[in-house]
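In: Here is the input, now give the coordinates:
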Amino acid sequence: MARVVDAAVAEHGRIHVLVNNAGISDLRGLASEHFDTETFRRVVDVDLMGVWHYTRAVGRHLLAEGGGSIINIASILAEGGNEFVTPACQAAKAAVPPIGEQYEGLAPLPREEWKLGVPGIHYDPQAQ
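Out: I've put the predicted structure just below:
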């Protein structure tokens, strides 16, 4: 992830916004008792760990540069599954919103604003 961030900074000067919108699932419609560990890990690696890695890498850059925004996209499907949402996708997407809450100097938006469709973490110099 750091290599991608470094390349973006080298080409564009700095990063102002990160939108974490990656997500995969498994469309076989398998119930938890039939779901294999390898696929579960692959979905969690993309849907959750990818968000965490990029939030960490870009968050460090934003703090060093004095500001910016990170928008982490979760999913309404984290609230409840359907026949095409895997237990891994549901669990990973439910874990996305709090990822940025512990970054010193980055202030998460109030949960009320999440409901308005404004997900994300925004730099707040007053939070330092």
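In: Packing partners of the biggest helix by length in the chain?
Out: Of all the segments of type helix in the chain, defined by DSSP state H, the longest one is helix 50-65. Using 3 or more C-beta pairs under 8 Å, 6 or more residues apart in numbering; DSSP states H and E as the contact criterion, the elements in contact with helix 50-65 are helix 2-12, strand 17-20, strand 69-72, strand 106-108, strand 121-123. From N, CA and C alone the C-beta is placed, and that goes for glycine too.
In: what angle separates that helix from helix 2-12?
Out: With axes from the mean of the first three to the mean of the last three C-alpha atoms, to 10 degrees as the criterion, the two stretches helix 50-65 and helix 2-12 enclose an angle of 50 degrees.
In: Extract the CA atoms of helix 50-65 and return them as PDB.
Out: C-alpha atoms of helix 50-65 as PDB (Å, rounded to 0.1, in the frame of the first residue of the first chain):
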ATOM      1  CA  GLY A  50      -7.600  -3.400   2.300                       C
ATOM      2  CA  VAL A  51      -9.600  -0.500   3.800                       C
ATOM      3  CA  TRP A  52      -7.400  -0.600   6.900                       C
ATOM      4  CA  HIS A  53      -4.100  -0.700   5.000                       C
ATOM      5  CA  TYR A  54      -5.000   2.200   2.700                       C
ATOM      6  CA  THR A  55      -6.600   4.300   5.600                       C
ATOM      7  CA  ARG A  56      -3.300   3.900   7.500                       C
ATOM      8  CA  ALA A  57      -1.000   4.700   4.600                       C
ATOM      9  CA  VAL A  58      -3.000   7.700   3.300                       C
ATOM     10  CA  GLY A  59      -3.900   8.900   6.900                       C
ATOM     11  CA  ARG A  60      -0.200   9.200   7.600                       C
ATOM     12  CA  HIS A  61       0.200  11.300   4.500                       C
ATOM     13  CA  LEU A  62      -2.800  13.500   5.200                       C
ATOM     14  CA  LEU A  63      -1.500  14.200   8.700                       C
ATOM     15  CA  ALA A  64       1.900  15.100   7.500                       C
ATOM     16  CA  GLU A  65       0.500  17.400   4.800                       C
END
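In: That'll do, ta.
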